[in-house]
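Asks: My questions concern the predicted model and sequence given below.
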Amino acid sequence: MIQQPEQHKKSTVIPVLLIVSAAVTAAAVLFVLSFVVINGIGKISLRFLFTAPKGFDVNEGGIFPAIISTIYLGAVAGIAGLVCALPVSISLCFFVKNAQLRATIRLMLYALASVPSIILGLFGYTVFVKYMHFGKSLIAGGLTLGIMIFPFLEQRIEKALTELDELLLLSAYSIGLSKRYTIMHIVLPLIKADIIRAAALYIGFAIGATAPIILTAAVLIAPVPTRLTDPVMALPYHLYLLVSEGLDMESAYATACVLLVLVLCINTAAVYFNGSGKTHGKPVKQ
């Protein structure tokens, strides 16, 4: 009887802390969004959104090439990240049986995820710009961003794979289906929504990164790229230039507002892929 009030107190503390934490987080997000929108909305116009900068004065003209190039960078990064993440996730879940080898691979993925983005930019400059002779280009920047999001994509896809119903896989094996056929025709269609959602979320993360593209893709002024080897303008780099040089803070806030809207649109689209096709049950054993 004496312990009941204390237990009741503990049971009410956690919900209160959760509510307070959610409220503080929501307030911080709303403050940042409202601050950027209020300071930048006056500059946004059709001319600002759909025209190119005039000459080398980055605060004159619009940001249309930067918007399109940022989307292109995100697309290349998403494709590159998925091409790397899918095979690794499938291998760890279905083919790598040695626990020590699996732990070593995961340790390498964690190490890659912790590398500072500017170091990845230097790596991209060394490998793609200099040794592969891509120059500052869309492909060099996109591949660098793809390396940046690869370990995060791998973790999300691997999580989706391990949450599949093990009975489903055992049933497929029991009727004589090969592991390869099961993965290609049963497993991947079931987690397709999870893959698309993860790719969209991390593409939003990639297009907001500045450090990896400073050395690999972004230039002061460039038209909309027509080839993968063309240099690009990019919203985060354009914003960096406006703020660091103190050229036009109203244009900087407007550029930040456009970047926020672009990221929010990508993340909102990702929410619709809610993984409704996933089969839940006993997780797959590794």
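Replies: Noted; the coordinates are in hand. Numbering: from 1, shown residues only.
Asks: In space, what's closest to residue 173 - neighbours in sequence excluded?
Replies: In this structure, residue 173 finds its nearest non-sequential neighbour in residue 182, 6.9 Å apart by C-beta to C-beta, 6 or more residues apart in numbering. (Glycine included, C-beta is placed from N, CA and C.)
Asks: can you pull out the helices in the protein?
Replies: Using DSSP state H, the helices found in the chain span residues 3-40, 46-50, 64-90, 99-113, 117-124, 138-162, 166-174, 179-182, 188-190, 192-207, 211-214, 235-245, 249-271.
Asks: What pLDDT is listed against residue 103?
Replies: The score at residue 103 is 91. That number is its pLDDT.
Asks: How many residues are close by it?
Replies: 10 (other C-beta atoms under 10 Å).
Asks: Kindly report the same for residue 81.
Replies: Other residues close to residue 81 by other C-beta under 10 Å number 27.
Asks: switch to numbering from 14
Replies: Sounds good: first residue 14 from here, last item residue 94.
Asks: Might you report the residue contacts of it?
Replies: 158-160, 162-163, 166, 212, 215, 219 (C-beta atoms under 8 Å, 6 or more residues apart in numbering).
Asks: Of the helices of the chain, which stretch is the most buried?
Replies: helix 224-227 (a mean of 26; mean count of other C-beta atoms under 10 Å).
Asks: which helices and strands does that helix pack with?
Replies: Using 3 or more C-beta pairs under 8 Å, 6 or more residues apart in numbering; DSSP states H and E as the contact criterion, the elements in contact with helix 224-227 are helix 130-137, helix 151-175, helix 248-258.
Asks: For residue 233, find the nearest of the helices of the chain.
Replies: Comparison of these against residue 233 by C-beta to C-beta identifies helix 248-258 as nearest, at 6.9 Å.
Asks: between the closest one and helix 77-103, how many degrees?
Replies: 120 degrees (axes from the mean of the first three to the mean of the last three C-alpha atoms, to 10 degrees).
Asks: Output the contacting helices and strands for helix 248-258.
Replies: Helix 248-258 packs on strand 70-74, helix 77-103, helix 224-227, helix 262-284, going by 3+ C-beta pairs under 8 Å, 6+ apart.
Asks: So for the second one, mean pLDDT?
Replies: What it means is helix 77-103. Mean per-residue pLDDT for helix 77-103: 94.
Asks: nearest to residue 176, of the helices and strands packed on helix 248-258?
Replies: helix 77-103 (12.3 Å).
Asks: will you turn the contacts of residue 94 into TSV that also has pLDDT and distance to residue 97?
Replies: Converted to TSV, the contacts of residue 94 look like this (pLDDT from 0 to 100; distance: C-beta to C-beta, whole Å):
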residue	pLDDT	distance to residue 97
158	96	12
159	95	7
160	95	8
162	95	9
163	95	5
166	94	8
212	91	12
215	92	12
219	93	13
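Asks: farthest-separated two in those residues?
Replies: Longest span within the contacts of residue 94, C-beta to C-beta: 160 and 212, 14.8 Å.
Asks: Now do the same contact list for residue 157.
Replies: By C-beta under 8 Å, 6+ apart, the contact list for residue 157 reads 133-134, 136-137, 141, 225-226, 229-230.
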